[in-house]
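In: sequence and predicted structure, then a few things I'm wondering about:
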Amino acid sequence: MTKLSVNINKVATIRNARGNNVPNLLKVALDIEKFGADGITVHPRPDERHIRYADVSELAQNIQTEFNVEGYPNKRFMDLVLSTKPHQVTLVPDPPGVLTSNAGWKVKENKSLLEESLGELSKAGIRTSVFMEANTKDIEQLALIQVDRAELYTESYASGYSSDKEEAIRPFMEAAKLTSEMGIGLNAGHDLNVENLAFFASSIPNLLEVSIGHALVADALYFGFEKTIAMYKNLLK
């Protein structure tokens, strides 16, 4: 069964709005684990507008399932993950001021940066992943680097799902087939929700993990985290 990692960035956004510790990010993360999630994902940004670098250190000491940290591999980010050693680090090609992740890596153009960063992470015993768009030309370039997994950027699938889900899933099935042939594990995330998740997961048989934040937290405002996590887990069966 595909694992569910819950991105708690939006919980941190709510906390930061009032400048105190309500909601308590660590307690929410531990409750999410208790309610059945398979992991916790965070993506600290340079401006710390939601997840703070101190949050990563605290979470790393307490997460019992899987801890996945996403981000651009500048020195500050690499120092953070190498010191906290989460289970998985997902490298994302985000420029400093970007609102949300909106593109995958162009591996050939960033080969030196990726090689150096992935090598440091692997040496530290951290599972590596890179954020990729679902087109075969980009996926083929993964052969240029050593990486454990690729996380497919699923915005195009989510935006095309309502009009033609078969066409929307097609490039992701092709990307999944290619990563499997290359011996690279497969994750996915971005704009997956209760409407489109089941079809995606059932169409990608080698899907190891999905990372879902915005939609899941929004659903939890209505249903609570316990019921929402159960609902998403059921969609992954």
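Out: Perfect, I can see it now.
In: closest to the centroid, which residue in the chain?
Out: Closest to where the C-alpha atoms of the chain average out (CA atoms, centre = their mean) is Ser211, at 4.3 Å.
In: buried ones in the longest helix seen in the chain, by neighbour count?
Out: Using DSSP state H to define each element, the chain has its longest helix at helix 155-182. Going by neighbour count (16 or more other CB atoms under 10 Å), the buried part of helix 155-182 is 155-158, 160-161, 165, 168-169, 171-172, 175-179. (C-beta placed from N, C-alpha, C; glycine too.)
In: picking up where we left off before, can you classify the residue nearest to the centre of the chain by secondary structure?
Out: Under DSSP: H, G, I helix; E, B strand; the rest coil, the three-state class of Ser211 is strand.
In: for it, which residues make a bridge with it?
Out: For Ser211, the beta-bridge partners are Ser5, Gly189 (DSSP bridges).
In: show me the shaky parts of the chain.
Out: Where the chain drops to pLDDT under 70, the residues are 95-102.
In: for it, what spans make up the strands?
Out: Under the criterion DSSP state E, strands of the chain are mapped to 3-7, 39-42, 67-71, 88-91, 127-132, 149-153, 185-189, 207-212.
In: pull the third one out as PDB, backbone CA atoms only.
Out: Spelled out, it's strand 67-71. Provided in PDB are the C-alpha atoms of strand 67-71 (Å, rounded to 0.1, in the frame of the first residue of the first chain):
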ATOM      1  CA  PHE A  67      10.300  12.300   8.500                       C
ATOM      2  CA  ASN A  68      10.700  13.800   5.100                       C
ATOM      3  CA  VAL A  69      12.300  17.300   4.700                       C
ATOM      4  CA  GLU A  70      12.000  19.100   1.400                       C
ATOM      5  CA  GLY A  71      13.900  22.100   0.100                       C
END
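In: which residues are contacting that strand?
Out: Residues outside strand 67-71 that contact it (CB atoms under 8 Å, 6 or more residues apart in numbering): 5, 39-45, 56, 59-60, 77, 80-81, 84, 86-92, 94, 101, 129, 131, 209, 211.
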